[in-house]
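**Student:** Just a sequence and a predicted model for now, questions to come.
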Amino acid sequence: MKKILILSANPKNTDKLRLDQEVREIQAALKLAKNREQFEIVTAWAIRVEDLRRALLEHQPTIVHFSGHGNGSTGLALENNSGQMQLVSTESLAKLFGLFQDKIQCVLLNACYSQVQAEAIHQHIDYVVGMNQAIGDVAAIEFAVGFYDALGAGRPYEDCFKVGCASIDLQGIPESETPILKARQRLHSFSAIEETENKTKLEKNSTMSERKSQLPYSGISQSVSGGRMYGGMIATQGNNNQQTMTNYTTPEQKHNLVQAAQEIQQLLQHLEQIYPTKSSAEKMMVVTKAVDEIENNPPLKACVIGALKAGGTEAFKELINHPLVNIMMASIEGWQEAE
């Protein structure tokens, strides 16, 4: 079940918003959905800074929806103990959501000028919606209703975003370009990780058998485990001649491929020393942190993308000697298409 945490804040010294109507419309949309039993909605009103932290800790939501005021680079408007506005900085929000990245899949900031916060939170959360300018009450509500209509119908987050924008358009409101989506694909479910691991084991066993059958008979037992794959080149100990499987990389590309693989392997080994990797949840946490490290290091990310394009996913995987490499590759395989 996906738990949706709806947080609302409309401090006394800010313009009055129709937040109660927005929440009511969201509840109605999911109540009418064919998959309504898959969702639980929790609401929290007049959110203060400490309320935000406690709500995330208590409810462990899958989706976080914030309704209220945004103030661009200075942060989101929550309330203090007197009901007056208290701005929460973009950096603080990003750090807070980073602590819940193993649970939260999507954050929707239905507030004016919240694109800055969306981009910062996206460092840790895969799907984040923000607003690139001021958005009116009616448009904000229409977007929310369209988003949750699609979510209740079982559509992925990208489609929910598109339906939300279309809902604004259908009402003739010229604000459909205001919402922005920051998205990337990763493995969210622990079962998906286990499925990937099992699939990889089967593929590896199949590949090993296939390679053994293709080795020329020389009267000497030849071991495939002694071979190394570099951009499609394989060398076996039983034969001094290299067999070119698919020689499609230049020496420079091969060097970059090996260098990128070494850096990824060292990163995974470093994180494995800090965090446990016994359960699927722990493995996912380490992979998520590794991907974040790469994304926050533009030169390394560019090197990885170049290596994927030059040698391909399988060749890259062959060079990384780490048990989490298959989950890692499943998380970043879409990078080369996105460039």
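**Tutor:** Okay, I see it.

**Student:** Residue 307 versus the residue positioned nearest the centre of the chain, what's the distance?
**Tutor:** The residue at the geometric middle of the chain, judged as the C-alpha nearest the mean C-alpha position with Cα atoms, centre = their mean, is residue 126 (2.7 Å). When Cβ to Cβ, to the nearest Å is the yardstick, residue 126 and residue 307 sit 23 Å from each other. Quick note: C-beta positions are derived from backbone N, CA and C, even for glycine.

**Student:** what does residue 6 give?
**Tutor:** Summarising the geometry, the distance separating residue 6 from residue 307, computed by Cβ to Cβ, is 42 Å.

**Student:** neighbour count winner among these two?
**Tutor:** More neighbours surround residue 307 than the other of residue 6 and residue 307, with 28 against 24 (other Cβ atoms under 10 Å).

**Student:** secondary structure element for that one?
**Tutor:** Counting by DSSP states H and E, the element that carries residue 307 is helix 298-311.

**Student:** Run through the neighbouring helices and strands of the following helix or strand past that helix.
**Tutor:** Proceeding N to C from helix 298-311, the next assigned helix or strand is helix 313-318, under DSSP H and E. On a contact count with 3 or more Cβ pairs under 8 Å, 6 or more residues apart in numbering; DSSP states H and E, helix 313-318 meets strand 228-230, helix 251-274, helix 325-332.

**Student:** need the contact list for residue 142.
**Tutor:** By Cβ atoms under 8 Å, 6 or more residues apart in numbering, the contact list for residue 142 reads 164, 167, 168, 170, 171, 173.

**Student:** If we use 10 Å, what do you get?
**Tutor:** 22, 25, 136, 164-171, 173, 175-176 (Cβ atoms under 10 Å, 6 or more residues apart in numbering).

**Student:** Give me the below-cutoff pLDDT ranges for the stretch 51-200 of the chain.
**Tutor:** Segments of the stretch 51-200 of the chain classed as low confidence (criterion: pLDDT under 70) are 185-200.

**Student:** any idea where the strands of it begin and end?
**Tutor:** Listed in chain order, the strands of the stretch 51-200 of the chain (DSSP state E, counting those that start in this stretch) span 63-67, 69-70, 76-79, 85-88, 106-110, 127-131, 179-183.

**Student:** Take the ones you listed and lay them out in CSV including mean neighbour count and distance to residue 325.
**Tutor:** Formatted as CSV, the strands of the stretch 51-200 of the chain follow (neighbours: other Cβ atoms under 10 Å; distance: least, Cβ to Cβ, whole Å):
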stretch, mean neighbour count, distance to residue 325
strand 63-67, 24, 30
strand 69-70, 22, 40
strand 76-79, 24, 38
strand 85-88, 18, 38
strand 106-110, 27, 27
strand 127-131, 26, 25
strand 179-183, 19, 24
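
**Student:** For residue 157, which of those strands is the nearest?
**Tutor:** Each of the strands of the stretch 51-200 of the chain has some distance to residue 157 by Cβ to Cβ; the shortest is strand 127-131, at 4.3 Å.

**Student:** In its sheet, which strands sit next to the closest one, and in what direction?
**Tutor:** Strand 127-131 has its sheet partners listed here by DSSP bridges as strand 106-110 (parallel), strand 179-183 (antiparallel).

**Student:** Let me have the ones you listed in CSV, extended by distance to residue 302.
**Tutor:** Shown next, in CSV, are the strands paired with strand 127-131 (distance: least, Cβ to Cβ, whole Å):
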stretch, distance to residue 302
strand 106-110, 27
strand 179-183, 19
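
**Student:** what's the closest of these to residue 18?
**Tutor:** Taking Cβ to Cβ as the measure, the strands paired with strand 127-131 were each checked against residue 18, and strand 106-110 came out nearest at 11.4 Å.

**Student:** now that closest one against strand 63-67, angle please.
**Tutor:** Our comparison of strand 106-110 with strand 63-67, counting by axes from the mean of the first three to the mean of the last three Cα atoms, to 10 degrees, yields an angle of 10 degrees.

**Student:** for strand 106-110, the distance to its chain's centre please.
**Tutor:** Averaged C-alpha coordinates place strand 106-110 at 14 Å from its chain's average position (Cα atoms, centre = their mean, to the nearest Å).

**Student:** Kindly report the same for stretch 296-303.
**Tutor:** Relative to where its chain is centred, stretch 296-303 has its mean C-alpha point 17 Å off (Cα atoms, centre = their mean).

**Student:** what does stretch 79-99 give?
**Tutor:** Averaging C-alpha coordinates over stretch 79-99 and over its chain gives two centres that are 23 Å apart (Cα atoms, centre = their mean).

**Student:** Over to stretch 169-181?
**Tutor:** With Cα atoms, centre = their mean, you get 24 Å for stretch 169-181.

**Student:** Check stretch 151-169 too.
**Tutor:** Here stretch 151-169 is found 18 Å from its chain centre; the criterion is Cα atoms, centre = their mean.

**Student:** Counting neighbours, which bits of it end up buried?
**Tutor:** Judged by neighbour count using 16 or more other Cβ atoms under 10 Å, the buried positions of stretch 151-169 are 151, 152, 155, 157, 160, 161, 162, 163, 164, 165, 167, 168.
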